[in-house]
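Engineer: Structure for this input, please:
(2 chains, ligands or ions: 2)
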Amino acid sequence: MLTSLRRALRGYLFTIAGIAIGVAGIVALGAMAERIVRFIDGGDRFVLGQISVAGRGMGMGAGFTAGGLLPAAAIEAIRKVEGVAGVQPQVMLPLNPSTSQFMTLTQELVIGMDLSVPSPNRHYRTLPVQAGRFLREGDRRKAVVGASFAVSRRLAPGSRLELEGTAYEVVGVLERMLTAPDRFVVVAIQDAREQWVAKDRLLRTVLASGGVALRAQDLNTGAAVGWRDGADPDVVARRIRDQVAGVNVQIPSELSSLLRQSTAFFSALLVGIGLLAFVIGGLSLANTVAAAVFERIRDFGVKRALGATDWQLGREILAEALAVTLSGGALGVLLAMVLGLAIDGWARRSGQQLFLFSPRLLGGALVFSVLLGAAAAAYAALRIVRLSPAEAIRRGSAA
Amino acid sequence: MLPEPVLRARGLVKRFAAPAGPPIEVLAGAELTVRRGELVVIEGPSGSGKSTLLNVLGLLEDADAGEIRFGERTVSTLGRSAKSRERGRWLGFVFQSFLLLPGLTALDNVLLAARYTSGVDAELRRRAMALLERFGMAERRDHHPAQLSGGEQQRVAFCRAVLNDPPLLLADEPTGNLDDANGAVILESLRDRARSGGAVIVVSHRPDAARDADAVFTLAAGKLHPAATRRPSGAGTL
Ligand SMILES: Nc1ncnc2c1ncn2[C@@H]1O[C@H](COP(=O)(O)OP(=O)(O)OP(=O)(O)O)[C@@H](O)[C@H]1O
Ligand SMILES: [Mg+2]
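Structural biologist: Ligands and ions are numbered 1, 2, ... in the order given. All right, here's what the predicted structure looks like:
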């Protein structure tokens, strides 16, 4: 049984190889598209998981944070708004102030989080850690770094990191999320406030003058706000905007559509590449399967001469096509993954990842291959049974 | 009383398109009746249409005109799959070019005759082995056609054609690639089939084939012409 299967597959070696190459092309290009789609989706999930509130300019010019301060009183006011389920004060600072004027997607940021409050973001309750641990309440001078940040600076748990003249211990490295947090440095909010004061000459002057009553807990650049189960986040966000003075509230759905607009071209490009991969890979696969069936047209003519009905023959052709496309498809997936992971091993050294072999891509490529293989085989079978057995035998013998 | 007819063909016409000019009329009103127990030999020069006639009689190709009956049933007007079933029920083929499947062993090629009709069981495997044995092919049962000589392939093809014990055997030059001894074994088995009630149409130029035939026809100008008078039933040599 096994030997006959092996022999049957050996007869199809070239067919299987041809299918494998087509499927490998689909999977490799698809994995690159998935990688970037994940990046865009990750940002989208983040902004849809929380209401982001920033301080509005307070008329004293808070230096590079420009947006201004979100004082403790404002945070208290937000907590009391109906529908709000949790508020986490945050300090967000560009790591390198000289480039801060040009906020970019790939900017390296220091995020100070108030660790006494659980993360209100519904989609990121915790940031997943690949090595070491995440920050705990009471951690000081400790940092958790994003995956790309860690690679580019050769950081691992236990490494030391200098921020504004102060030494920090790296206690954890985040999993690669293929989105913004890959370039974050996360510290306790108290540490971030100290860095902020150290960085910002204007803020120092204001504090020194004593003209404004600022306490440490007033030094926040923004807050992440959660909502109660069942509440509409857009409604809650508008309510905060109406009821709390001096804040900038992002409406989650508006921010999401803004993000989508800014990545629309990119998304379209990727969808195009993915579609092209499927069309080209699919055509090559269909052609290979149909050619493999036509190649045996003489055998099918003989089988019909020996009494095989259309139905018997069609079933046989379909079963063989399924076995062949399945083995070719699996081989193609394997080929693409070996290739992609090898390339990524090289790209990782500069903190990059080019491929994402998601289950939905692999499953989709396999299902697509099998369906297309079956369709191509069915087409070839229909063409063959329309011929008389004598004609099929003649055509097969001439080839 | 004459035995009942197995095959009746009336007014068969078959034309092929020619590369240039008018179509070639290979069959032009051929008529043939074959009864149970008859061995019919068809002769004719190369290109006269003998293989074409067997293809049409065996429902492997539609005639342009004419009618074919197996037993009492008109089969020339049936649909595709119905024709396949009738072929499986009535016919055994020995093709001029053997037409063994390259991916199957000798034994599996023989068993192919049953795969789409009765199905293969242990009894059929025994039958197939016995046939291979009888034609000196038992030792080659696991060989693939590419590993067999032309004559060996021809013997395997013959075993495949008779595995189902078909009421009508169509054999196109079944001894073409065989030496005298092996050819004689095949002819003897054709005669056996006829004696035990089967009908056999064989295309052959061997004199010993014609000698024991119940009827010999020559295909010329698209028609079958009796080449020898019917041998009186039970009579010895002519
Ligand atoms: N598919 C076809 N298309 C066109 N012409 C054909 C086709 N098949 C057969 N012919 C022609 O029909 C004629 C008869 O062919 P056929 O094969 O029946 O001859 P044959 O008597 O079996 O010859 P041989 O003894 O050489 O086997 C030939 O002239 C051949 O060219
Ligand atoms: Mg011929």
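Engineer: Quick check, pLDDT for residue 191.
Structural biologist: Went with chain A since none was named. What the model reports for A:Asp191 is a pLDDT of 94.
Engineer: I was thinking of chain B, sorry if that wasn't clear
Structural biologist: So B:Arg191 comes in at 91 (pLDDT).
Engineer: Likewise for B:Arg141?
Structural biologist: Taking B:Arg141 on its own, its pLDDT is 94.
Engineer: Skip the chain neighbours and tell me the closest residue to it.
Structural biologist: B:Leu107 (4.1 Å; C-beta to C-beta, 6 or more residues apart in numbering or on different chains). C-beta coordinates here come from the backbone N, C-alpha and C atoms, glycine included.
Engineer: give me the element that neighbour is part of.
Structural biologist: helix B:106-115 (DSSP states H and E).
Engineer: Contact partners for whichever residue of the stretch 51-200 of chain A sits closest to ligand 2?
Structural biologist: Here the stretch 51-200 of chain A gets closest to ligand 2 at one residue, A:Leu178, 68.7 Å apart by C-beta to the ion. By C-beta atoms under 8 Å, 6 or more residues apart in numbering or on different chains, A:Leu178 lies in contact with A:Arg35, A:Arg38, A:Phe39, A:Gly42, A:Gln353, A:Leu356.
Engineer: Can you tell me which of those residues lies closest to ligand 2?
Structural biologist: A:Leu356 (62.0 Å).
Engineer: how about the closest one, what does it touch?
Structural biologist: A:Leu356 neighbours (C-beta under 8 Å, 6+ apart): A:Ala31, A:Met32, A:Glu34, A:Arg35, A:Arg38, A:Leu178.
Engineer: and what of A:Leu161?
Structural biologist: Per C-beta under 8 Å, 6+ apart, neighbours of A:Leu161: A:Ala143, A:Val145, A:Arg153, A:Leu155, A:Ala167, A:Tyr168, A:Glu169, A:Val170, A:Val185.
Engineer: what comes up buried for whatever helix or strand it lives in?
Structural biologist: Assignment of secondary structure by DSSP H and E places A:Leu161 within strand A:160-163. The neighbour-count check on strand A:160-163 (16 or more other C-beta atoms under 10 Å in any protein chain shown) flags A:Leu161, A:Leu163 as buried.
Engineer: what does stretch B:141-157 give?
Structural biologist: Buried, per 16+ other C-beta under 10 Å, within stretch B:141-157: B:Arg141, B:His143, B:His144, B:Pro145, B:Leu148, B:Gly151, B:Glu152, B:Gln153, B:Gln154, B:Arg155, B:Val156, B:Ala157.
Engineer: what does stretch B:209-219 give?
Structural biologist: B:Ala209, B:Ala210, B:Asp212, B:Ala213, B:Asp214, B:Ala215, B:Val216, B:Phe217, B:Thr218, B:Leu219.
Engineer: for stretch A:201-220, same thing?
Structural biologist: A:Leu203, A:Val206, A:Leu214, A:Asp218, A:Leu219, A:Asn220.
Engineer: Need the nearest residue in space to the fourth one, chain neighbours excluded.
Structural biologist: In this case it means A:Asp218. A:Asp218 sits nearest to A:Pro71 (C-beta to C-beta, 6+ apart), 4.0 Å away.
Engineer: my read: that neighbour touches A:Asn220, true?
Structural biologist: Yes: contact criterion C-beta atoms under 8 Å: A:Pro71 and A:Asn220 qualify, at 7.4 Å.
Engineer: so what's in contact with the two at the same time?
Structural biologist: A:Gly55.
Engineer: Let me see the ranges of the helices in the chain.
Structural biologist: Answering for chain A, as no chain was given. A:2-11, A:13-48, A:72-80, A:147-152, A:189-199, A:201-209, A:233-243, A:252-262, A:264-295, A:297-305, A:310-347, A:359-386, A:389-398 (DSSP state H).
Engineer: That was the other one, I meant chain B.
Structural biologist: B:50-57, B:80-90, B:106-115, B:122-134, B:150-162, B:180-195, B:207-211.
Engineer: And the contacts of the first one?
Structural biologist: Put plainly, it is helix B:50-57. A:390, B:7, B:9, B:12, B:14, B:26-27, B:30, B:32, B:42-44, B:61-63, B:66, B:68, B:93, B:96, B:170, B:172, B:201, B:203, B:219, B:224.
Engineer: If we use 7 Å, what do you get?
Structural biologist: Residues from elsewhere that reach helix B:50-57, judged by C-beta atoms under 7 Å, 6 or more residues apart in numbering or on different chains: A:390, B:7, B:9, B:12, B:14, B:26-27, B:30, B:42, B:44, B:61, B:63, B:68, B:96, B:170, B:172, B:203, B:219.
Engineer: where does the chain dip in pLDDT?
Structural biologist: You didn't say which chain, so I picked chain A. Low-confidence segments of chain A (pLDDT under 70): A:1-11, A:57-67, A:97-106, A:211, A:350-351, A:399.
Engineer: oops, chain B please
Structural biologist: B:228-238.
Engineer: circling back to that earlier point, strands - which of the contacts of A:Leu161 land there?
Structural biologist: A:Ala143, A:Val145, A:Ala167, A:Tyr168, A:Glu169, A:Val170, A:Val185 (DSSP state E).
Engineer: residue contacts, the second one?
Structural biologist: Contacts here follow C-beta under 7 Å, 6+ apart; on that basis A:Val145 touches A:Leu155, A:Val170, A:Val173, A:Leu174, A:Val185.
Engineer: Pull the number of nearby residues for the residue lying closest to the second one once chain neighbours are set aside.
Structural biologist: Think A:Val170. Among residues not flanking A:Val170 along the chain, A:Ser159 sits closest, at 4.4 Å (C-beta to C-beta, 6+ apart). A count of neighbours around A:Ser159, defined by other C-beta atoms under 10 Å in any protein chain shown, yields 17.
Engineer: Hmm, A:Ser159 is touching A:Tyr168, no?
Structural biologist: No: assessed by C-beta atoms under 7 Å, A:Ser159 is found out of contact with A:Tyr168, at 9.3 Å.
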